[in-house]
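Okay, predicted coordinates and the sequence, questions at the end:
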Amino acid sequence: MTALLLAAVLATQPTDLRDADAVTRLLASLRAAEPAVCELAGRALTNFGGWGNWSGDEPMPTPMPIPMPMPFAHRGPSIAVGGPRARTSLGAPALAAFRAALRDPSHCVRRIAARVVAREEPSWAVSEFTALAKDAAAGYREVGLLGLGELEDRATLGIITNGLGDKDIAVRAMAAWALGELELPESVPALGRALSDQAPLVRRRAAWALGQVESVSAVPLLRGALRDSDGDTRRTAVWALGEIEDPSAVEALATLVTDGDARVRRMAAWALGEIESSRAVPVLARLLGDADRDVKLTAIWALGEIESSDAVSVLAPALKDAEPGVRRMTVWALGEIESSSAVRYLTPLLNDADADVRAVTAWALGSIESLSALPALEAAKADRAPAVRRAVQWAIDQIDDRR
């Protein structure tokens, strides 16, 4: 409980990072804190994204398909969301305190210092991080590569690439991450070699970095990583192929529909949706029968993203699924495809037991804009749910505009 309270205080009452004495006291407190507390405090202190990219086990965003929004779906009050705190530059004494902390005994404190220093971009940052990246101590080499990655200076490509050959796993993994931050096509060959590293963490980071680079030249390398023995590495390689969006990857991704890891299958469905090739329709059709709900939903989402009329008959059986969430996603996908051949499958769902399914059905019919949907929509104008009535009227207006 004490650790949680300390983390909450650090998050809600941030230290004035311009005050060198306050910085010194804070770093001393974090040095003595539990690692989890230090990590939480680091997120609050640095206050910008990507923390998990180098410190956590999840190097890429997990796809979560969400249908619509529909133009009529929200009628409530708007809520103002505050932006990030205004960033203020550190004074020289405070920056000197963080510079000293780059060699702190605490792993977490060193990383916090590296991120703060890189954010400030002092004139000495590149030389300082470069010296650290060449230090005899692995912990310092790791933080040096972290700082170089945060700076995103293409002139440091060679130094970072050298880190892929380090004897320490954490250093090699950080080097792969830093190359991903640079996003330079020149790093593809070195990252491809890192896909064969003995450590799964390094292979996973290398695959993530290739996804960040988004070069088509990485596709053959990532196809090989789809056979990696580590499920997380396979999943990251799939994610990277989705980021690159090259249609030549479809056949390789098709081999994963029987992968033993449901997370890999789900990521494969997501990647196929990102690639948006009609060649993926038969592959995704197989995933519609997957035993894992998330895999099935993501496959449906992907078919909607591809927007191929070939998918209409493939999706139609899912409109009768016992679960409303599956029916809703299927209706949304058909609305995205906008094929008039879907109208006959959709109109019965204007009488679905679930009000959200009925509303999304009206939206889908309005998106398709087929005159053949008007009789069913007119009959649905008296629906008991206000949201459905609004959706129906919107759909009718959409179709009327075509007359």
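Perfect, thanks for sending it. Numbering: from 1, shown residues only.

Burial check on the closest residue to D168 other than its chain neighbours, number of neighbours?
Nearest residue to D168 in three dimensions, chain neighbours excluded: A138, at 3.9 Å (Cβ to Cβ, 6 or more residues apart in numbering). C-beta: built from backbone N, CA, C; applies to glycine. Using other Cβ atoms under 10 Å, A138 has 14 other residues around it.

ditto for K381
12.

and the nearest residue to it once chain neighbours are set aside, what element?
Nearest in space to K381, with sequence neighbours left out and distances taken as Cβ to Cβ, 6+ apart, is V392 at 5.4 Å. In this assignment (DSSP states H and E), V392 forms part of helix 386-400.

Can you name the residues in contact with that helix?
If you take Cβ atoms under 8 Å, 6 or more residues apart in numbering as the criterion, helix 386-400 is touched by 70-73, 75, 350, 355-356, 358-360, 362-363, 365-367, 369-371, 373-374, 377-378, 380-383.

Can I have the buried ones of those as a PyMOL selection?
Buried residues within these, by 16 or more other Cβ atoms under 10 Å, are selected in PyMOL with:
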select buried, resi 70+72+73+350+355+356+358+359+360+362+363+365+366+367+370+373+377+380+383
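
Please tell me how far the residue nearest to K381 sits from L349.
Between V392 and L349 the computed distance is 12 Å (Cβ to Cβ, to the nearest Å).

the more surrounded of these two?
Neighbour totals were compared for V392 and L349, and V392 leads with 28 against 24 (other Cβ under 10 Å).

still on that earlier bit, now do the contacts for the residue nearest to D168.
D166, K167, D168, A170, V171.

Would you check which pair of these lies furthest apart?
K167 and A170 (10.7 Å; Cβ to Cβ).

Neighbour count: these two, which is higher?
More crowded of K167 and A170, by other Cβ under 10 Å: A170, with 17 against 8.

out of everything not next to it in sequence, what's closest to that one?
E142 is the one closest to A170 (Cβ to Cβ, 6+ apart), at 5.2 Å.

Give me the mean pLDDT for the helix or strand containing the one you found.
Under the criterion of DSSP H and E, E142 resides in helix 138-151. In this model, helix 138-151 has an average pLDDT of 97.

buried ones in it?
Going by 16+ other Cβ under 10 Å, helix 138-151 has these buried residues: 139-151.

Would you reformat those as CSV and include distance to E323?
Compiled in CSV, these are given as follows (distance: Cβ to Cβ, whole Å):
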residue, distance to E323
G139, 50
Y140, 53
R141, 51
E142, 46
V143, 48
G144, 51
L145, 46
L146, 44
G147, 48
L148, 48
G149, 43
E150, 44
L151, 48
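
which of those lies closest to R279?
Nearest member of the buried residues of helix 138-151 to R279, counting by Cβ to Cβ, is G149, at 35.9 Å.

Can you check the pLDDT for the closest residue to L287 other than its chain neighbours?
Among residues not flanking L287 along the chain, A299 sits closest, at 3.8 Å (Cβ to Cβ, 6+ apart). On pLDDT, A299 comes in at 95.

Who are the contact partners of A299?
A269, L284, L287, L288, D290.

secondary structure element for it?
Going by DSSP H and E, A299 is part of helix 293-306.

pLDDT score for the nearest residue to L151 once chain neighbours are set aside?
With Cβ to Cβ, 6+ apart as the criterion, L151 has its nearest non-adjacent residue at 5.1 Å, and that residue is A118. Per-residue pLDDT puts A118 at 94.

which residues sit in contact with A118?
A125, F129, L146, G147, E150, L151.

Out of those residues, which comes closest to L315?
E150 (44.1 Å).

these two touch, right, the closest one and W177?
No - between E150 and W177 there is no contact under Cβ atoms under 8 Å: 10.1 Å.

buried residues in the next helix or strand after the helix holding E142?
Following helix 138-151 in sequence order, the next helix or strand is helix 157-162 (DSSP H and E). Residues of helix 157-162 classed as buried by neighbour count (16+ other Cβ under 10 Å): L157, I159, I160, T161.

next one: stretch 264-283
For stretch 264-283, by 16+ other Cβ under 10 Å, it's 264-275, 277, 279-281, 283.

could you show me where the helices are in the stretch 301-403 of the chain, in order?
312-315, 324-337, 343-346, 355-368, 374-379, 386-400 (DSSP state H, counting those that start in this stretch).

And the stretch 151-300 of the chain, by the same measure?
Using DSSP H, counting those that start in this stretch, helices in the stretch 151-300 of the chain cover 157-162, 169-182, 188-194, 200-213, 219-225, 231-244, 250-254, 262-275, 281-287, 293-306.

what sits up against the fifth one?
Residues outside helix 219-225 that contact it (Cβ under 8 Å, 6+ apart): 188, 191-192, 195, 203, 207, 210, 233-234, 236-237, 240-241, 244, 246, 248-249, 252.

List the buried residues in that helix.
Neighbour-count burial for helix 219-225, counted by 16+ other Cβ under 10 Å, picks out V219, L221, L222, R223, A225.

Ramachandran angles for A385?
phi -100, psi 130 (degrees, to the nearest 10).

which residue sits closest to it, ignoring its sequence neighbours?
A355 (4.2 Å).

ditto for G231
Nearest non-adjacent residue to G231 (Cβ to Cβ, 6+ apart): D261, at 4.2 Å.
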